Each structure stands twice: as C-alpha cells, then as structure tokens.
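Enquirer: quick one, what's the 3D model for this:
(chains A and B)
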Amino acid sequence: MTQLPGLLDTEAIRKDFPVLDRQVHDGRKLVYLDNAATSQKPTQVLDALADYYEKHNANVHRGVHVLAEEATALYEGARDKVAAFINAPSRDEVIFTKNASESLNLVANMLGWADEPYRVERDTEIVITEMEHHSNIVPWQLLSQRTGAKLKWFGLTDEGRLDLAGIEELITERTKVVALTLVSNIMGTFNPVEDIVRRAQEVGALVVVDASQAAPHMPLDVQALQADFVAFTGHKMCGPTGIGVLWGRQELLNDLPPFLGGGEMIETVTMHSSTYAPAPHKFEAGTPPIAQAVGLGAAVDYLTSIGMERIQQHEHALTEYAVRRLKDIPDLRIIGPTTAEDRGATISFTLGDIHPHDVGQVLDEQGIAVRVGHHCARPVCLRYGIPATTRASFYLYSTPAEVDALADGLEHVRNFFA
Amino acid sequence: MYQDVILDHYKNPHGRGLREGDAEVHHVNPTCGDEITLRVRYDGERIEDVSYEGQGCSISQASASVLNELLVGKELSEARRIQETFLELMQSKGQLEPDDSMEDLLEDAVAFAGVSKYPARVKCALLSWMAWKDATAQALGTAADSAKEKTA
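Expert: Residues are numbered from 1 along each chain as shown, chains lettered A, B, ... in the order given. Have a look, this model is predicted:
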C-alpha cells in the first residue's frame, strides 16, 4: 500500500464511518470521492442525534421544564463549540441557519434593507468572483436587480486562480460589499482573501467569505481572516444536513436589520410593532434546527479531536498523490491548479471528449462515487470552454488506495469509450 | 446500461449533421448540459429527413442516431407510435420487459431499456425524441397541441 508522509491513521478513522464499509453494485467496495458535495457522518454524530431525540427532545428557550432546559443547554452548547472552532471573539456572533445558502441570502437581504453606511442601493457596487458557487452568485444578482446596484466580477486566470490584476478598479469607493469563496468548490483553489480584505478595508466595503469548502478541511480563524461575515454549512464537515452557520462581526449584527421574522427573534411584540432580541437570536426566527445543531457540535468535537491541521496535512498529501496519478492518464485535463500548492483536495478534470456523465456512470459501475456536471459553478465551466467536469474530492478518511482506484477506474473509462 | 448497440451508435452516428428542413429546434438538458439542434423535413406526412447536430453524453448522442435510423422514411402516424412506445419504455423505471412486438417496433432503441433504471439519465435518452416531436409540431403547424404535453 502507498505510504505518504502526513497521512492520518485512516484505518482507525474509517471505523467511525459505517457507510464506508458499504458495498455497491453486487459486491463492489464503495470508494466515496464526492466529499465536496457532502461528507459522510461518523457514529459520534449519529449517536449525538439519536441521544438528543431519545433523551432530551424539547423546544428551546421557552419551557421551564427539565427537557426544555437540557435541549436549550445542548443547542447553546453547540454554539459555543462552533464559536471556539472558528475562533470567534464572541459566541453571540454565531448564527445558526439551515445551510450556507441561507447564510449568504441572509447577508444579501440585510444589506439591501440596511441603513447607511451599509445599504446597497443604486449607484453602489457589489463585487463577486467568477469561481463562486451559485449560492454566492444568485443572492447578489437578486440584490443587484432589486436595488439597481452594479454587480462586478473578479475574473480567473488560465491556471484557475483569481485574477487580481484589476483589483483597484474593481473594488472602489462605490463598492459596498465584496463576496468570495475561500476555497473553490469546483477547482479546489485557495483564494488570497487577505489581499481582497485589505483593498476592501481601504474603501470601506464589507467582505463576505463563503467558507463552505474550507471549514471542513483546514483551521478556520475568523479573526485572522478579518472578513465581516463568514458562511459555511454543517453537512460537508461530518455534521447533519439542515444546519448552517453565519458568523458576523458583533457591531454589524447589532446595526443590521433582521432577515426572517417570527418567534424567538423578538424582544416585545405589540400589534403596532416589535423590537428585536439581540444577536444571534435576532437572526434565528422560529424553532431552529435543534438536533442538527447538536449534531454539528458533535461533528466539531470529532474534527477537533483529530485536529484540523492534521486533516489539512492529510488532504494535502493525498492531493499531491492524486495530481501525480491523474497527470499520468492520457487526455486527462485538470481544470484549475495543476499542482497541490495553494489548493484543497477537490480536483475537477475532463477526460478527452468523453462526457463527464459517461465518466461518472462507468466509475459508478466500479463503485467509485464522483460528482459530474457543472457543480453549481457554471461560470467556471464557461470560462474554460467546457460543458461540465468530473470532480473527485477527498476527506480525512480518504486513502491512497482510493486514489489508485480512481486512476484505474479512469483508465477503464478510457478503454470503454475508445 | 451501456449496451454495445448504444456504444456503436455513439461512435458511428447515423445521419449526423444539419441538412435542409421545414423546421428547426434547439433543446437542452440542463442537468447534463446535453444539447441538440434538430431539423425535420416532411413530404406530406412522410418523414423525408431528420438531421441534427449536438453535444453531450453518449446516451443523448446515441439516442439521436437511433432516432434518425428509425424514423426517416416513416409515415407520421407510425413515427408517433414509435415515439410514444419509446417514451413509455423510458418512463418504466426498469420495470418494463420489452416483448417481441415492442422489439419489432423499436429495433435498436430497445437497447435503451436499461437506461430507464437511471432517473438522472432518462432525460438524456429522450432529448432528441422530444426535439423531434417539437420540430414536427412546428413543421406541420400543430405546435399548440404538443406544447401542452410534458416531456418527462
């Protein structure tokens, strides 16, 4: 078996993920390489969900009975865990949402409704990038359409990196907000957020970071990042679906208006008007995803026990190996950075003129799960003149043997359609 | 799913390339990004030609080739019967075992039976057939009828 420096003890880790033992298509061993879409869940998270429902289930923040107090403590405990995980200065800056899309929509809507100096309106500008996931494009398009603000884009280089050449013309005195992803969900590229934050701060623009593909894979420190908002989702980082996070700077959360109205986000309500609870509750209308938050807390504990730096090293070693193996396959073209430097363990590629759906289907017949299509990042496909890609994405439980299975599987695909 | 018949049509497509027609349509399958531009030419109720250009997965491209082979030269009523039978097969979720009469009618198109088990790929197989139906409606001036029907 291939040994690489920096790898985690995947034999032990894989015991925590029962689904990885599954066989598919009549006895083929599952090779799960679709982690950028969603991660698998360890028993520690599954147990936390079951334990919550079996022993503590109640609504939060309102009952005076034992279960309500336990449920509230577990829910708010999860907030503490997430706050520590991202090094938030205050737990009150952590808002639970249903996913990263809701987090980003929340910010976009707030900025449309906000007072000066944050208000996005006609004659102001929004800046995003060509490598965003649709969830960090469409909310800004909607905001632009509703307010008349101009939407501007950072382009991409041929190597799959942000083209910062025109940054001074792109981010200007008119710019109210810059939104970008920390790690590309299609190419794996790490983006130089610090350069963009520096320029945004010069002109007084807010910076919104989509960390959906970063939080699961590397240490995330919102203070070091210096952005104003950071969004990510739970299900890509070993947590359940239905839980997302928005971190925002306290003063902004105090100043900005609420997004959804409902129970729990208010202070007092009369028939005339309402006053709002302080953040984070101001942004958590209605019964929140309680069990899912508890599950995310367990996921954070799990990842922390292994160590985010070690997970990052593991994935870096695997990426180096995967890039090397993939480059040996004739007609394979990596879309995005072609080395393991400044990139994550998500690799998109095309294979000759074989359509990605055919690649994915024939890999699936061998038990190998990858994603095919435009990965909710269609502008990237347009930029590189391709209809779609095949995407393999690794995680803490991925092994060199799975990289080998992918490479061998792709050789089989080539022969099959030759 | 990938029967030899399908791979043969994919690698050596029949009737590919755009030729003169009475109507032209462009259909896309947003999940795969498959695209087809298709033209039909009629001599009264007889299909004189179905010509097409497209890009996409093997299933969508092979299906267009099979369509060309099956429908060119047929009377419209017969072609409709073939199209409806193929649609029924593709919507069968793998539950329909083609019988002899279906095999006689569909010829190579029977090879797509296995595709019906894969919901994500059914639209690939149907793309050219829906394009043909649309183009036919336009060519014969019955667009209003077909627009009401759903494709899948």
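Enquirer: who's in contact with residue 38?
Expert: I'll assume chain A. By Cβ atoms under 8 Å, 6 or more residues apart in numbering or on different chains, the contact set of A:Thr38 is A:235-236, A:241. Any C-beta I mention is one placed from the backbone N, CA and C, and that applies to glycine too.
Enquirer: try again with chain B
Expert: B:24-27, B:50-52, B:54, B:64, B:128, B:131-132, B:135.
Enquirer: now do the same for it: its pLDDT.
Expert: In this model, B:Leu38 is scored at 97, pLDDT.
Enquirer: what pairs with it across the strands?
Expert: B:Val25, B:Tyr52 (DSSP bridges).
Enquirer: measure the residue nearest to A:Ser212 when sequence neighbours are not counted to A:His134 for me?
Expert: Distance criterion Cβ to Cβ, 6 or more residues apart in numbering or on different chains; nearest residue to A:Ser212, sequence neighbours excluded, is A:Ala100 at 4.5 Å. Remark: distance between A:Ala100 and A:His134 (Cβ to Cβ, to the nearest Å) = 11 Å.
Enquirer: tell me which of these two has more neighbours.
Expert: A:Ala100 (26 against 16; other Cβ atoms under 10 Å in any protein chain shown).
Enquirer: coming back round to it: wait, isn't the residue nearest to A:Ser212 in contact with A:Val208?
Expert: No. A:Ala100 is beyond contact range of A:Val208, at 11.1 Å (criterion: Cβ atoms under 8 Å).
Enquirer: between these two, which contacts overlap?
Expert: A:Ala231.
Enquirer: on the three-state scheme, residue 60 is what?
Expert: Just so you know, I chose chain A. Assigned with DSSP: H, G, I helix; E, B strand; the rest coil, A:Val60 falls in the coil class.
Enquirer: low-confidence ranges, chain A, go.
Expert: Applying pLDDT under 70 to chain A flags residues A:1.
Enquirer: could you list the domains of it?
Expert: A:10-32+A:308-417, A:46-305 (automatic domain parsing).
Enquirer: which non-adjacent residue is nearest A:Ala83?
Expert: A:Arg91 (4.3 Å).
Enquirer: what's the answer for A:Pro379, then?
Expert: Closest to A:Pro379 by Cβ to Cβ, 6+ apart is A:Glu130, at 5.0 Å.
Enquirer: that neighbour - how many residues pack around it?
Expert: The number of residues near A:Glu130, taken as other Cβ under 10 Å, comes to 16.
Enquirer: need the contact list for it.
Expert: Contacts of A:Glu130 (Cβ under 8 Å, 6+ apart): A:153-156, A:379-380, A:383.
Enquirer: get me the contact residues on chain B for chain A.
Expert: B:1-2, B:7, B:10, B:31-34, B:55-59, B:118, B:120-121, B:124 (Cβ under 8 Å from any Cβ of the partner chain).
Enquirer: list only buried entries from those.
Expert: B:1-2, B:7, B:10, B:32-34, B:56-59, B:118, B:121, B:124 (16 or more other Cβ atoms under 10 Å in any protein chain shown).
Enquirer: in chain B, what residue spans correspond to strands?
Expert: Assigned by DSSP state E, chain B shows strands spanning B:23-29, B:34-43, B:46-55.
Enquirer: how far does the first one sit from its chain's centre?
Expert: Same thing as strand B:23-29. Strand B:23-29 sits 12 Å away from the centroid of its parent chain (Cα atoms, centre = their mean, to the nearest Å).
Enquirer: from A:Val300, how far out is A:Met237?
Expert: If you go by Cβ to Cβ, the gap between A:Met237 and A:Val300 works out to 8 Å.
Enquirer: more neighbours: the two, which one.
Expert: Under the criterion of other Cβ under 10 Å, the comparison of A:Met237 against A:Val300 puts A:Met237 first, with 28 against 24.
Enquirer: nearest spatial neighbour of the more buried one, chain-adjacent residues omitted?
Expert: Closest to A:Met237 by Cβ to Cβ, 6+ apart is A:Pro216, at 3.6 Å.
Enquirer: rewinding a little: so for B:Ser77, which of the domains of chain A sits nearest?
Expert: domain A:10-32+A:308-417 (34.0 Å; Cβ to Cβ).
Enquirer: can you tell me how far the residue nearest to A:Ser212 is from chain B?
Expert: 22 Å (Cβ to the nearest Cβ, to the nearest Å).
Enquirer: picking up where we left off before, for the contacts of B:Leu38, which one is nearest chain A?
Expert: Looking at the contacts of B:Leu38 and their distance to chain A, the nearest is B:Gly54, at 11.1 Å (Cβ to the nearest Cβ).
Enquirer: gap between the nearest residue to the closest one once chain neighbours are set aside and B:Ser128?
Expert: Spatially, and ignoring its direct neighbours in sequence, B:Gly54 is nearest to B:Ile36 (3.7 Å; Cβ to Cβ, 6+ apart). Distance of B:Ile36 to B:Ser128, computed by Cβ to Cβ: 5 Å.
Enquirer: from the centroid of the chain, which residue is nearest?
Expert: By default, I'm working from chain A. Note on chain A: the residue nearest the mean C-alpha position is A:Ser212, at 1.0 Å, using Cα atoms, centre = their mean.
Enquirer: I was after chain B.
Expert: B:Trp129 (2.7 Å).
Enquirer: which ones are touching the nearest residue to it once chain neighbours are set aside?
Expert: Beyond its immediate neighbours in the sequence, the residue positioned closest to B:Trp129 (Cβ to Cβ, 6+ apart) is B:Gln83, lying 5.6 Å away. Applying Cβ under 8 Å, 6+ apart to B:Gln83 gives the contacts B:71, B:129, B:132-133.
Enquirer: do B:Glu107 as well
Expert: B:66, B:69-70.
Enquirer: again, only using 7 Å
Expert: B:Leu70 (Cβ atoms under 7 Å, 6 or more residues apart in numbering or on different chains).
Enquirer: the one 3 residues further on too?
Expert: The contact partners of B:Val110, taken as Cβ under 7 Å, 6+ apart, are B:98, B:102-103.
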